[in-house]
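Chemist: Build the 3D model from these lines:
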Amino acid sequence: MILTNFSQNPYTSKTANKIGFKNYDCCCDRSIWDRSDYCVPSLFRAIKPDFLYRGGKINSKGELDFLIEEKGIKSILSLVDPNTVFGPSLSKEISLINQAKNHADIVFDYFDYFKNNLKGDQKLIESYAKKINGLPKPIYAHCYAGLDLSDTMTQVFLDANKQGLIKYN
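Modeler: Numbers count the residues shown, from 1 in each chain. Just a heads-up that it's a prediction; the model follows:
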């Protein structure tokens, strides 16, 4: 038996509406297709949902909109000091955040991991907990690409939480 009008993509099939799929016009609905436009920061993850998220730097207005509108982010914490050699890589992000401040209450701050790491593990945990506790929640903490430094600071956060240093209020 040969099936006619068969499509592996149900969104383009003429019989899509008959079998419960949305019609072809759904590709214009940004709520469905937002993620295919790469509007999520690289390696975006929830460390503690509605409290702390992590990932890479913000590269586009779409990524910032995702953080503010869909995740309700109130603070962006860069793990890269904008005053160091890596600072120029954050210029686009800082510009996007400054534009967003006209429409949303958002705080931008940074935590210099390299400077604070020289103090020892416990001091690093305490200083990061103090920084986290002082920012409006939820927080998006990020490094340049969302890889090693974000992973390290995730563990620092979890250690601070085990020690009771994180305030969930």
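Chemist: hey, which helix is longest across this protein?
Modeler: Ranked by number of residues, the top helix in the chain under DSSP state H is helix 148-162.
Chemist: Using the three-state scheme, assign the spatially closest residue to Q163 that is not a sequence neighbour.
Modeler: Of all residues not flanking Q163 in the chain, I125 sits nearest, at 6.9 Å (CB to CB, 6 or more residues apart in numbering). Where C-beta positions appear, they are placed from N, C-alpha and C, glycine not excepted. Of the three states, I125 takes helix under DSSP: H, G, I helix; E, B strand; the rest coil.
Chemist: And for stretch 69-80, what's in contact with it?
Modeler: 50, 53, 57-58, 67, 86-87, 89-90, 93, 97, 105-111, 113, 131-132, 135-144, 149-150, 153 (CB atoms under 8 Å, 6 or more residues apart in numbering).
Chemist: before we move on, back to that, contact partners of the longest helix of the chain?
Modeler: For helix 148-162, the surrounding residues in contact (CB under 8 Å, 6+ apart) are 43, 47-48, 52, 54-56, 79-80, 111, 113, 124-126, 128-129, 132, 141-143, 166.
Chemist: out of the contacts of stretch 69-80, which are inside strands?
Modeler: Secondary structure from DSSP state E places Y53, V107, F108, D109, Y110, I139, Y140, A141, H142 of the contacts of stretch 69-80 in strands.
Chemist: show me the contacts for the residue nearest to Q163.
Modeler: V156, D159, A160, Q163, L165.
Chemist: In ChimeraX, how would I select the buried members of the contacts of helix 148-162?
Modeler: Remark: buried members of the contacts of helix 148-162, expressed as a ChimeraX selection using 16 or more other CB atoms under 10 Å:
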select :47,48,52,54,55,56,79,80,111,113,124,125,126,128,129,132,141,142,143,166
